[in-house]
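A.B. asks: With the sequence up front, the predicted model follows.
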Amino acid sequence: MTPRDGGPVVFGGVWTVWAGPEGRDKLLTCSIVTTAAVGDLSEVHSRMPLMLSPSRWDSWLTATSDLLSLLAPPSAADVAALEIRAVGPAVGDVRNDGPGLIEAVPGYPLGGSAPLAPTPEPADLTLF
């Protein structure tokens with residue numbers, strides 16, 4: 001997925017620093033928050049990253065109250081502004097890099113040739 005206008009896609013995330021004994025061996029960790037897929041993205045997978053439109057950036061970064069509102073899914077207009085295209089399997093291997101990874105694979109349906117993933121149980125926590 002990529003914005004049709006060429007702008008950035010911003011996801012909600014969380015981070016923390018884990019420290020070993022006596023505060024040594026610090027490790028910075030982070031995760032992207034996911035939500036149920038909406039719009040055309042639901043044809044790709046049952047979950048999606050929590051996309052944040054520019055109007056939500058400030059509240060995400062400075063939130064002090066009403067934390068549940070931060071988890072609101074993106075609007076239908078935000079999702080409709082994305083181009084969704086099937087890509088080849090090389091994109092799933094972190095050893096691969098280069099512009100060819102984002103080239104569309106002709107002849108594949110929106111979500112690729114594989115069937116949709118089953119809907120996760122409410123207790124499942126997944127990353128996109």
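C.D. replies: On my side now, so go ahead.

A.B. asks: So which residue is smack in the middle of this structure?
C.D. replies: For the chain, the residue nearest the mean C-alpha position is P49 (2.5 Å; C-alpha atoms, centre = their mean).

A.B. asks: give me phi/psi at the residue lying closest to that residue once chain neighbours are set aside?
C.D. replies: Distances taken as C-beta to C-beta, 6 or more residues apart in numbering place F11 nearest to P49, at 4.2 Å, with adjacent residues excluded. Every residue, glycine included, has its C-beta placed from N, CA and C. Backbone torsions of F11, given as degrees, to the nearest 10, read phi -110, psi 150.

A.B. asks: any idea how far D66 is from F11?
C.D. replies: Going from F11 to D66 by C-beta to C-beta, to the nearest Å gives 20 Å.

A.B. asks: so the residue lying farthest from the centre of the chain, which of the three states?
C.D. replies: Relative to the C-alpha centroid of the chain, counting by C-alpha atoms, centre = their mean, E22 is the outermost residue, at 35.1 Å. Three-state call for E22 (DSSP: H, G, I helix; E, B strand; the rest coil): helix.

A.B. asks: so what's the residue nearest to P49 up against?
C.D. replies: If a contact means C-beta atoms under 8 Å, 6 or more residues apart in numbering, then F11 has I32, V33, P49, L50, M51, L52 as its contacts.
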